[in-house]
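Student: requesting a structural model of the entry that follows:
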Amino acid sequence: MTRPLLILTALHYEADAINRRLRAVEGVDLRVVGPRGQGLSRVKAVENYRGIIMAGLGGALDPTLNIGDVVVDRDSDLDIPAGPWRRGLIHTTEGVVATVVDKRALFAATGALVVDMENAIARAFAADRGAAFLGIRAVSDGADEPLDPATLRWIDPAGALRPGPLLADLCRRPARIPALWRLGRRSRVAVGKLADAVEQIVHSRQEVARPVRLASPNIG
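Tutor: Presented below is the predicted three-dimensional model:
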């Protein structure tokens, strides 16, 4: 029996979009590992997978990138064909890169196309276990757009939205609402493009084995 692909996301929002595209596809396991990959330690039997894909949204550092543009990690070693994405460096940080000034400084220092919080962690996880890896990000905020650092408080360690803190923050600062609405709209565009790209990659690697399974971090 051919081994399946393992797809990881940090957020349930990302996993849900991918799952809608792959629900009838065999040969894929889909797991949510939370921000900064907090649930990676619960992912077992990695040797049973023929490759690991870390998929999600990211912030643009390269000012030529638009909302929804897709970037594949240049250090990926899971072979895929050319597609509607750019290959380049994905830079991983410990927290949200919120200001335009910080994005510009990080772009100048690293040359990375996008920034995220999980890619390097997932790549190291795969390398430690001898698994082929591919990182992929879709741009949800541009290099010239600030990002509210409070967004991280609105996500729990399992990658689900925390409505209580979100509503509390909006009540304290209702001026955030327009920016949050714009972010939501752009995130919907980006997550759709992400799901398109993941679907195309999975079909290019189609050596089917078993049906897609969406699992949360507390499932081993």
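Student: tell me the buried residues in stretch 21-38?
Tutor: Residues of stretch 21-38 classed as buried by neighbour count (16 or more other Cβ atoms under 10 Å): 21-22, 25, 27-38. No exception for glycine: its C-beta is placed from N, CA and C like everyone else's.
Student: so what's Glu94 up against?
Tutor: Glu94 is in contact with 36, 117, counting by Cβ atoms under 8 Å, 6 or more residues apart in numbering.
Student: wait, is it part of a strand?
Tutor: No. Secondary structure of Glu94 (DSSP: H, G, I helix; E, B strand; the rest coil): coil, not part of a strand.
Student: gap between it and Lys44?
Tutor: Look at Glu94 and Lys44: by Cβ to Cβ, to the nearest Å, they are 26 Å apart.
Student: go on, Leu6?
Tutor: Per Cβ to Cβ, Leu6 is found 11 Å from Lys44.
Student: same check, this time on Arg137
Tutor: Per Cβ to Cβ, Arg137 is found 26 Å from Lys44.
Student: let's verify Arg31: helix, strand, or coil?
Tutor: Going by three-state DSSP: Arg31 is strand.
Student: just to check, it is in contact with Ile7?
Tutor: Yes. Judged on Cβ atoms under 8 Å, Arg31 makes contact with Ile7 at a distance of 7.3 Å.
Student: centre-most residue in this structure?
Tutor: Nearest to the geometric centre of the chain sits Gly56, at 1.5 Å (Cα atoms, centre = their mean).
Student: so what pLDDT did that one get?
Tutor: Looking at Gly56, its pLDDT stands at 97.
Student: what of Ala120?
Tutor: According to the model, Ala120 scores 97 on pLDDT.
Student: dump the host helix or strand of Val71 to PDB, restricted to CA.
Tutor: For Val71, the host element (DSSP states H and E) is strand 70-73. The C-alpha trace of strand 70-73 is given here as PDB (Å, rounded to 0.1, in the frame of the first residue of the first chain):
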ATOM      1  CA  VAL A  70       1.400  31.700  -3.400                       C
ATOM      2  CA  VAL A  71       5.000  31.100  -2.300                       C
ATOM      3  CA  VAL A  72       6.700  27.700  -2.100                       C
ATOM      4  CA  ASP A  73       9.700  27.300   0.300                       C
END
